[in-house]
Every structure is written in structure tokens, then in C-alpha cells.
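Visitor: Using only what follows, build the 3D model:
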Amino acid sequence: MTGFHSRIAAAVFGAAMLGVAARAGADGGVTLSPVDDAAVASYSRAPSATAAERAAQLQSSLVTPVSIAQTFSWPTASSGLPGVAIFDYDRDGDLDIYVTNGPGAANALLQNQLAQTGAATFVDVAAAAGVAAVDQDSTGVCFGDTDNDGDEDLFVLGRSEANRFFENVGGGAFLDRGGAGAAGADKASASCAFADVDNDGLIDLIVANAFDFQDSFALFTAPYALNQHNQLFHNDGANFFSDISVASGIVNNGGIFAGRPGLTWSLAAGDVDNDGDADILFADDQGAVIPENVNCAAIPPGPFPCVDRSYVHVFIIDGAGRFTDRPMIEGDPFAASQWMGLELGDVNCDGVLDVFATSFGDYAWPALGRAFYVKGSSASRWFIGNGDGTFADPGVGALNATPFGWGAGANDYDNDGDLDLIYHGGFSTAVLSILDNPGAVLQNQSCSGAFVADTAAIAAPHTGRAVRGVAVGDLDRNGFVDVVTAANFRKNPAAPLAPGAIQYGSAFDATAARSPVMVPASPGPPPLFRWNGLADLQGDLRVELNGGANGNGSVTVKVFGTKALTAAGSVNRSGIGAMVSVTPLNGAAQMQTVSGGSSHLSEHALEKVFGLGTAHYGRVDIAWPGGVRNRLYGVKRGEQLSFPEIPCDYTAAWKNFGAYVSCVSRSLADLRRSGAISGAERTRFASSALLAYWDHRRPN
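Guide: Numbering: from 1, shown residues only. Okay, here's the model as predicted:
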């Protein structure tokens, strides 16, 4: 037997191993613990420029109490919108952290020292790297290899000011290229994401915009007029973008929303209809404009109109660069909500992307005195994909009720083989701070898409932190996902923290806290309020490492496209848009998408950690943008795999086996010559590619 055929036999053995019955991994049993690190602790979110005006208005209320309606003219989000990105900016093999900050304060680029010292500690190198952006009130952030040169570039949004593009020029340095054609015309940008919407091998840029934060009328009294439309920028090459928002169709919300921009906090891009290209999802906020489909008849007369204005909008691309809006689950009475964060992942292991969307939660409206609130109408919840771009709403099941949410992550935090959900949130109105989310960890039950709360997973609850930005990635390389969160403010320790106003029989009842900002001054009508005199503290940063140690194993998969590396390569170098599945032994396939921005204001690490439970081997499948499929057998527990696009689809209708072999051989030879893979990797990928061809054609 030749060496080549021996390797084929080894691959066959690896495939056969997948037929061995798998033992289920342990649910939970891991702890997320905050690191004690000077660079992390030094981060303090500087307030936005409007903070001084808001402080003056609060101070004035001590002399002249105000009504709720009077506070609508006050500026909102004055404590800022901090976003988080986790990526290996210096290509040293570990994941670094970027966090945005306010005007006059430097954004942080925390260089992970794992490669240098063996420990996940951090040094802030933002100034030296050229990405401090001290003069910008920075909000959301996203990254990706926009020029396909092998390193990740950075895009930072501004609050009602120009966005900035930082080109990674290598050697740990970035070049500030201004807006690079995507400055945004001073819109109030919140979140961004990269996706290759036309499958030309260059990632394009999507920006979610909200409204002018100078007041709160967009939230309370104006359903559409004050909102700013979202934007799509085409990557024209040479790190320059052009605005194709109108031509693409994303400006035209469908149905009753036609021509009316939503109030969008978050977005995500992924192939929700399984046709090989990137669809776009926007999370629009209902604000205090009450949905007409939820108990509208019971709402007393007042300044709040009843209209369904805010869905999770699913923009399906037609293959020719145009998007058509399908508001998610039209007719579902709970579909209109205060949607604020988005995450994609396959939570029920059926090979189709599902959506998790965060919202105001079930505790906030009762805390604000709304007796007519209907449980579930503002719940953070997941939607199950049907595979054609439509979704089903299963409700929140055993959770019964959910807390407030901004940023979120879909990841297998306990490595048991299914995707779990982690999300955070906190919010301050003029009268009350909603602090009912101490860190929600929703544990998937045996890949069913049904969740229970793991209230023991977070060692130090986030009570008192109003978290907005959330990103996940394996920072210490122990094979378990870690979490980074950025808060825009923290509760003053002297301010009281009151228990929830209502009990639902949920695991979150005990932590559904709220803290007064103002206190009653006169019963009215209308009731008047004055400030309690206790100013919030500036927001902070927390890095929580996952201790693991529950006996479950994992594999980590980092994909990369091979446009310009192979003759037929067509996928962007970051691999953004790839759908990655890992099947442990005879277990269910866990699928994650490589998303160039999701959560809220943030972007997760592009490399994905897949739990194997107690299995020792697994199989990796990739569905690349454009539809090409690759497979690798015999991936071992603990392996950190770099998987290239091999532009030869083993499922395609090839003229004959020889034509397929020739494509694989040429492509892997190109990758070996470029130095993208080693000789051993070339042999390994070739063996699996050939086996996959025959495996796919084997009779059932």
C-alpha cells in the first residue's frame, strides 16, 4: 500500500469512528470568572458630549421638578455606546480585544500576552497601534480582512459623526484612512458588520443607524420621522467603499414600512435561506410606541401611539445584489418589540440558521408602572429557522420570562455539543435604571432549542452594570469560550437597588432589580419628579475566563478563504459568511456561522469553538459563501484547526472523479506554494477531500 493510500485508509478509519455511539457531555459545570488585570481595570467609558446637558437638567429638577413628558427633550444615551471586538490583530496566535470609548478618551486595544508569557494578561497598545481615536465618540466596531492581505482591518463607528476605517498594515500597526468612502454622513451609527453580499471575494460593509441622540422623541412619540436609514457600502477594492444603500433595496422596509426607516440598534448577516449568499437582518426598536397587536385596547389615552413599527427585518438577497424585506413572522402578536441585539446560530441542530434577538425584557415595563404589559411581548427570544428565510416563534418555554438585553452570543459555553445563549443588558430612563440582567446564560437542552437558565455559571454577577457591548472568544486557549463585556454606566453604590416589581416564577425573578434615578416630588397631575442626587459611575470593562473543567472537550476551527491564493478561490480571506459544522462521533452536528459582526455594537472572534462532549474525534464540514462544500475527517479533541477554502465542491456534479481530483490537487498545491498550509496539511486535506467525494455518493 502506498503512503497516499495509507492516508486514505486512515481517513476511512476516521470516518468509521463517527459511527461509534457518542456519550453525551455534561451540561453546565463551568464558571465564568473575571480576570484581575490592570489594563482591563483601567478602561473607563467616557461620557458623550451631551452628558453635561443631561447632568444640568437633573440638577435643575432639584429646584423645579419635571414631568415624564418634559424629560423627552433631554438627550439620551449620554453615557455612551461601548462596543467590543475580539480578533488577532497582530497575528501572533492569540486573541486581542478592542473596546470603543467616548470623546477625549482613547479606545482600548488590549494586546493579549498569551503568546508572549503563556498567560492571558493584557497590555493596552491602542496609541502605539494608531487606533486610539481619542477625538471620536466611538460606538460600534467591526473587523475583517477587507483587502485580502491576511490581516484583519478595523471599522469604528461614530456617534453623529464620521465613521473611521483603520487599515491593518502589519507589524502591529494600523493606518487611519478616514471614512474610506463609508464615513456615513454623520449619522447616529450603532452597529456594523462585514459580509460579502455579492460573492466577489471582497467583504462589504453594513451599518445600522438609530436616531439623533439629542432627545428621546424617536423612542416615545415619533414612530418614523426621526429615524435614520441603514447603509450598505460596497467594497470597490483598494480599501475603498461606495454607498449602495438605495440601489440594494435595504432602505425600503417592506409592507407598511415602505420608505420608512427603522430605529436599528443591531444587525447580523448570514445565509438564512441556504442558497449560498449573505442575507441581512436588522433589529429595530419599538421604543415606547406600543405594539397594536398586544393589548392595545387596554392602553389608556396618552402620548403613546399604538402601532407595530419594529420587527427583526430579514432582507433576503436575490442573487443579483438586491434585497427584499421580510419582517420576521408577520402576524405573530409578539413579533413587534424593542429589538436591540442579534445573534445567529443553529440552536436545534437541524443545519439551518436560527436567530436570537434581545429586547426590553419582561421585567422593565412593570417596573416602570405599566400595568397593561402582556408577558412575552418584550421578551428576549429565539426564532427557529425554516431554511427558506422564514422563522417560527416557539416562545421562551421553561424560562417563563427573560430580562433586558443588548449584546448577545450564541456559543457552546459548556462544550456539551449544542449552542447555548449568553446575553447582557441594562438601561437608564430619566426616572429609573433597569438593571435586571446579572448576566443571562441560557443552557440548551440536548440540542433541542429549548433553554433553561444556568444561574451558577457567572462567578461575579453583573448587578449594577449596564452592559451594552458583548463579544466572545477563547482568550486563554483552554478550549472553552470566554466573554468580554463593556458597560456604558454603573450604578452609584449609594443608590438603592430595589427588587423586581413582578414575579413570574422564573429563574430571573430574584435578580430583576431596578434603581431609581428620580424620586416623586408631586402627585400631579401630571406627577412630578426630582433627581435623587446620586450620579451614575462611568462604565467599565470585564473579561471573564471560562474555567472549563467539566470533562467536555472541543475543537476550534478558524476558516480562511483563498481568493488570490488559489486559481479558483473565491471566498474572502477572513472566511466571513462560511457555515461551519462539527459532528462528534455519532452525535448531532453543531453549526455556527462565521459572522463579521452581530451581538450589539460588537463582533465575536471569527474562529469558532465547538463542543465535543466526551467524544475524542469529530468531522468538520464547511459550506462556503457561493455554495462550495468541503469536509475534513478525524479531527481530534483539543485540536485548533485552520481550514482553507478548497474551491472544489465534493457534492457537485463533476464530469468524473478525475476532474475532481485534479481540482483538489491543483488548489492544495497552490496553497502549499503560497505557504498557507504545510505539506502535512496538504496531504490531510487531500485525503479527506477524496473520501468525501465517495462518501457523498455512497448508497444509503
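Visitor: Double-check that residue 123 belongs to a helix.
Guide: No - using DSSP: H, G, I helix; E, B strand; the rest coil, the assignment for residue 123 is strand, not a helix.
Visitor: Would you mind measuring from it to residue 111?
Guide: Per CB to CB, to the nearest Å, residue 123 is found 5 Å from residue 111. For every residue, glycine as well, the C-beta is placed using N, CA and C.
Visitor: of these two, who's got more company?
Guide: residue 111 (23 against 15; other CB atoms under 10 Å).
Visitor: On the pLDDT front, check that one for me.
Guide: At residue 111, the pLDDT value in this model is 98.
Visitor: Pretty sure it sits against residue 96.
Guide: Yes - counting by CB atoms under 8 Å, residue 111 does reach residue 96; the two are 5.3 Å apart.
Visitor: shared neighbours of the two, which are they?
Guide: 89-90 (CB atoms under 8 Å, 6 or more residues apart in numbering).
Visitor: Show the contacting residues for residue 481.
Guide: 409, 411-413, 472-474, 546, 609.
Visitor: quick one: it and residue 35, what's the gap?
Guide: 15 Å.
Visitor: just residue 74 next, same as before
Guide: 36 Å.
Visitor: same question, residue 198
Guide: Counting by CB to CB - residue 198 and residue 35 are separated by 41 Å.
Visitor: can you pull the pLDDT of residue 700?
Guide: In this model, residue 700 carries a pLDDT of 73.
Visitor: shift numbering so it begins at 2
Guide: Renumbered: residue one is now 2, and that last one reads residue 701.
Visitor: how many neighbours does it have?
Guide: 2.
Visitor: Residue 320 too?
Guide: 11.
Visitor: With adjacent residues omitted, what lies nearest to it?
Guide: Spatial nearest neighbour of residue 320, excluding adjacent residues (CB to CB, 6 or more residues apart in numbering): residue 278 at 6.4 Å.
Visitor: Can you tell me the SS state at that neighbour?
Guide: Strictly by three-state DSSP, residue 278 counts as coil.
Visitor: Need the three-state assignment for the nearest residue to residue 376 once chain neighbours are set aside.
Guide: Spatial nearest neighbour of residue 376, chain neighbours left out: residue 363 (5.5 Å); criterion: CB to CB, 6+ apart. Secondary structure for residue 363, judged by three-state DSSP, is coil.
Visitor: and what of residue 184?
Guide: coil.
Visitor: Roughly how far does it sit from residue 178?
Guide: 10 Å.
Visitor: For the residue lying closest to residue 454 once chain neighbours are set aside, which residues are in contact?
Guide: Nearest residue to residue 454 in three dimensions, chain neighbours excluded: residue 508, at 3.8 Å (CB to CB, 6+ apart). Applying CB under 8 Å, 6+ apart, we find residue 508 in contact with 400, 453-454, 456.
Visitor: The residue nearest to residue 320 touches residue 272, doesn't it?
Guide: Yes - counting by CB under 8 Å, residue 278 touches residue 272, with 6.4 Å between them.
Visitor: Next, show the common contact partners of those two.
Guide: Common neighbours of residue 278 and residue 272 are listed as residue 626 (criterion: CB under 8 Å, 6+ apart).
Visitor: tell me the phi and psi of residue 580?
Guide: The phi/psi pair for residue 580 (degrees, to the nearest 10) reads phi -110, psi 120.
Visitor: In this structure it contacts residue 592, no?
Guide: Yes - using CB under 8 Å, residue 580 is in contact with residue 592, at 6.1 Å.
Visitor: anything in contact with each of the two?
Guide: residue 354.
Visitor: and stretch 446-462, how far apart are its ends?
Guide: 23 Å (CA to CA, to the nearest Å).
Visitor: Is residue 61 located within a helix, as I assumed?
Guide: Yes - counting by three-state DSSP, residue 61 is found in a helix.
Visitor: Surely residue 144 touches residue 194?
Guide: No - with contact defined as CB under 8 Å, residue 144 and residue 194 do not form a contacting pair (10.1 Å).
Visitor: What are the buried residues along stretch 498-509?
Guide: Buried positions in stretch 498-509, judged by neighbour count with 16 or more other CB atoms under 10 Å: 501-502, 505, 507-509.
Visitor: check contacts around residue 612.
Guide: 26, 413, 415-419, 553-555, 585, 591.
Visitor: would you list those in JSON lines and tack on pLDDT?
Guide: Below are the contacts of residue 612 laid out as JSON lines (pLDDT from 0 to 100):
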{"residue": "26", "pLDDT": "73"}
{"residue": "413", "pLDDT": "98"}
{"residue": "415", "pLDDT": "98"}
{"residue": "416", "pLDDT": "98"}
{"residue": "417", "pLDDT": "97"}
{"residue": "418", "pLDDT": "96"}
{"residue": "419", "pLDDT": "97"}
{"residue": "553", "pLDDT": "97"}
{"residue": "554", "pLDDT": "97"}
{"residue": "555", "pLDDT": "98"}
{"residue": "585", "pLDDT": "94"}
{"residue": "591", "pLDDT": "96"}
